[in-house]
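# Turn this into a model:
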Amino acid sequence: MRQGIAVVTAVVTVLSTAGCKTTTIGSGTTPGSGHRTSTADGKLKQSGKLTKRGHLIVLSDPGQVTYSLHPANCHTTGSGTQILQDPSCTPGGIDPNVTQSNLSSTICKSGYTSTVRPPSSQTSKAKRAQYVAYGVSDGTTSELDHLISLELGGDNDIANLWPEIGKLPNPKDKVENDLHRAVCSGKVKLADAQTAIATDWRTAEQQLGLA
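Numbers count the residues shown, from 1 in each chain. Below is the predicted model:
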């Protein structure tokens, strides 16, 4: 599934956004050369040093955590088990190697997530960084969550990882499983599911006509 992946090193640029100061860096593995952001029709085009589709960062990083952003001063919204990430700190990230045309050999194939999930040594480091960024105390019942799950073609970039607070398993897990089944059965397009869950996992199924 690895395609043209280039190692990019670049000067650090700092982006200041409401409620979240984020340092964007261009080092790490990124798909292809150059940098593209998306147009209104969902296609990719160039923007700075990060490839994007809409607000989602597009990065191929199977088996490793990457750091396209360095979030700080992040804030969740909601309460109880209905918590949302800070979109400025955790916009979501997708793997360009997972496409609508290869679902049967990627996310809809049994065992796929084990081939792309990073080791605990890397996720533990990312967890410490994100818990500090979000101000989550040690001992809080929570998990480091992929905003767009691996089973929906999410990547392992820090932009797709956030501290999901609350009991485990949590309501978002069910939404992820429902969307995965819908994508693999052809009821929902992959890109639509990815955008919906990254925007608001609480209303994703309703927005996609599954609720």
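# mind listing what's buried in stretch 54-71?
Using 16 or more other Cβ atoms under 10 Å as the test for burial, stretch 54-71 gives 54, 56-62, 65-71. The C-beta positions use only the backbone N, C-alpha and C, and glycine is treated the same way.
# If we ignore the residues flanking it in sequence, what's nearest the most centrally placed residue in the chain?
In the chain, the residue lying closest to the centroid (Cα atoms, centre = their mean) is residue 160, at 2.7 Å. Nearest non-adjacent residue to residue 160, counting by Cβ to Cβ, 6 or more residues apart in numbering: residue 93, 3.5 Å away.
# So what does the one you found look like in phi/psi?
The phi/psi pair for residue 93 (degrees, to the nearest 10) reads phi -140, psi 150.
# Could you check how far the residue nearest to the centre of the chain is from residue 174?
Per Cβ to Cβ, to the nearest Å, residue 160 is found 19 Å from residue 174.
# Would you check how far apart the residue lying farthest from the centre of the chain and residue 155 are?
Distance to the chain centre peaks in the chain at residue 139, reaching 24.1 Å (criterion: Cα atoms, centre = their mean). Residue 139 sits at a distance of 29 Å from residue 155 (criterion: Cβ to Cβ).
# Could you list the low-confidence segments of this structure?
Along the chain, the parts satisfying pLDDT under 70 run over 1-48.
# May I have the distance across stretch 193-211, first residue to last?
Length of stretch 193-211, first residue to last, Cα to Cα, to the nearest Å: 13 Å.
# quick one: buried residues of that stretch?
193-199, 201-202, 204-205, 208, 210.
# that older thread, quick check: the residue nearest to the centre of the chain touching residue 148?
Yes - here residue 160 reaches residue 148: they are 5.8 Å apart, a contact under Cβ atoms under 8 Å.
# between the two, what contacts are shared?
Common neighbours of residue 160 and residue 148, counting by Cβ atoms under 8 Å, 6 or more residues apart in numbering, are 92, 93, 94, 154.
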